[in-house]
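J.: what's the 3D shape of this:
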Amino acid sequence: PPPPPPPPPPPPPLLGNAPPPPPPNVNAPPPPPPGTSEMPPPPPPQQQAASNVPLTKDDPRLSKFFTYIRIKVPLHSFVDKMTALGYDPEWLKTPDVPSPLGPYVEEADDVDDDVDDDESDLSDDDF
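T.: As a prediction, this is how the structure comes out:
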């Protein structure tokens, strides 16, 4: 029979009670600093909002709720209305960020007040 393999070399001496460091992995991200939690870092703030996205406080769809706050209407008085419209009352806490509703597009009227369709086809020659 073949002789048994030689025993592995002894581990290097440890300083204190700390475990030996793991082998380096050049593809791994750097470890978090000691004492930090395992939570990922928050996303970076938006550098610049799109020019057609108003600030939350300037969004016409939300302006009346900021008016209520300004004139000291209790929040509980209109929170249900905001929720019914699909708006999150938490948005009122961040008035200076781009509106979470996105770009504001003014709704077009269905009726054109400047043109009367019945008379637009008539001319003076028809009389």
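
J.: by residue count, what's the longest helix in this structure?
T.: helix 63-70 (DSSP state H).

J.: run through who's touching that one.
T.: Here helix 63-70 makes contact (C-beta atoms under 8 Å, 6 or more residues apart in numbering) with 57, 75, 77, 78, 82, 87, 92, 95. From N, CA and C alone the C-beta is placed, and that goes for glycine too.

J.: and the buried ones among those, selectable in PyMOL?
T.: Under the burial definition 16 or more other C-beta atoms under 10 Å, those of the contacts of helix 63-70 that qualify are selected in PyMOL by:
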select buried, resi 57+78+82+87+92
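
J.: give me the subset of the contacts of helix 63-70 lying in helices.
T.: Going by DSSP H, the helices hold residue 82 from the contacts of helix 63-70.

J.: low-confidence ranges in this structure?
T.: For the chain, applying pLDDT under 70 flags the ranges 12-28, 31-51, 108-127.

J.: helices of that one, start to end?
T.: Ranges of helices in the chain, per DSSP H, are 63-70, 79-84, 117-120.

J.: closest one to residue 2 among those?
T.: Residue 2 lies closest to helix 79-84 among those, at 77.9 Å (C-beta to C-beta).

J.: ok, and what's touching the closest one?
T.: With C-beta under 8 Å, 6+ apart, helix 79-84 has contacts from 65, 88, 89.
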